[in-house]
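Peer 1: structure, please.
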Amino acid sequence: MTAAKPRSTAATGPAGHPVLPALLSRPYPAVMGVLNVTPDSFSDGGQFAAPEQALAQARQMIAEGADIIDIGAESTRPYGSEPIPAEEELKRLQPVLSDVVALGIPVSIDSMKSAVVAWALDQGAAIANDVWGLQRDSGMAGLVAERRVPVIIMHNRDSADPAIDIMQDIADFFARSLDIAAKRRISPDRIVLDPGIGFGKTPEQSMTALARLGELQSFGLPLLVGASRKRFISTVTPSEPYQRLGGSIAAHLLAAQNGARIIRAHDVAETVQALRVAAAIRERA
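Peer 2: You can find the predicted model right below:
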């Protein structure tokens, strides 16, 4: 794997403050709270589809210690999600996004469509979270470059293939994404890499990606991990998504130990507590 060398220009949010440096400067990972305004998310579909429910959940996650709110209006669940047009995605976002931005912490827009991301950035979102890593929508890289915002590049596949070397596949995918970013002159210090736990992977491959996460540090870029409530947990201990808190925390603590600097989670309070306690214990080693 080829490591990318960060440049000096700092990415800034809508208020002009550097977003990533502030999030990455602590001794424990930043926590990204998941806010799905969808009727069909794998974990909480429909629970926060109403604007007032979504806003209340965002406030709750901030009170619990979330550093970022990641809002998405199209289910990208790894198994069985149905694509929707940009118009429907925007219809779900329009009643709530500006109010979530007004709560005062960075908001990332979880969308694979450049038109949706552009609109969200106009409303004050600070980070683009692309589950296809600049490789699905040809306009995404140009938009990120033009707006000079941080981008999360996630590994993905159309389907899982148990025969492949998943770490090599992730590395090759990231290399392609970073080549696209470089051609568009997206500064490396605005890029975060996400191995895409559960996306285009068997449960075993998801666990391999977590176990070998440290290998991805060779890219020289911050790593984000979102293992929250994912299906691989149920292959170890049978459980429904809402019953996977323990497995989610175990995966995220190991991810932090292996270099993750941002953790994406549904259960913010418990995740924040676990990460901060683990960091406090490590400081005394």
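
Peer 1: tell me the contacts of Lys201?
Peer 2: When contacts are counted by Cβ atoms under 8 Å, 6 or more residues apart in numbering, Lys201 is found next to Pro78, Arg157, Ala160, Ile166, Ala209. All C-beta atoms are positioned from the backbone trio N, CA, C, and that covers glycine.

Peer 1: nearest to Pro188 among the residues you listed?
Peer 2: If you rank these by distance to Pro188 using Cβ to Cβ, Ala209 comes first, at 21.7 Å.

Peer 1: count the residues that sit near that closest one.
Peer 2: For Ala209, the number of neighbouring residues by other Cβ atoms under 10 Å comes to 25.

Peer 1: distance of the residue lying closest to it once chain neighbours are set aside from Arg148?
Peer 2: In space, Ala209 comes closest to Pro195 once its chain neighbours are excluded; the distance is 4.6 Å by Cβ to Cβ, 6 or more residues apart in numbering. From Pro195 across to Arg148, the span is 25 Å (Cβ to Cβ, to the nearest Å).

Peer 1: sorry, back to before: got the phi/psi numbers for the residue nearest to Ala209?
Peer 2: Listed backbone geometry of Pro195 is phi -70, psi -10, with angles given as degrees, to the nearest 10.

Peer 1: assign the closest residue to Ala251 other than its chain neighbours to helix, strand or coil.
Peer 2: By the measure of Cβ to Cβ, 6+ apart, the closest residue to Ala251 outside its immediate chain neighbours is Ala227, 3.8 Å from it. Using DSSP: H, G, I helix; E, B strand; the rest coil as the criterion, the local structure at Ala227 reads coil.

Peer 1: the chain should start at 59 in everything you say after this.
Peer 2: Got it, first residue is 59 now, which makes that one Ala285.

Peer 1: the helix or strand containing Glu204 packs against which elements?
Peer 2: Taking DSSP states H and E as the definition, Glu204 sits inside helix 198-205. Applying 3 or more Cβ pairs under 8 Å, 6 or more residues apart in numbering; DSSP states H and E, we find helix 198-205 packed against helix 172-180, strand 185-188, helix 224-241.
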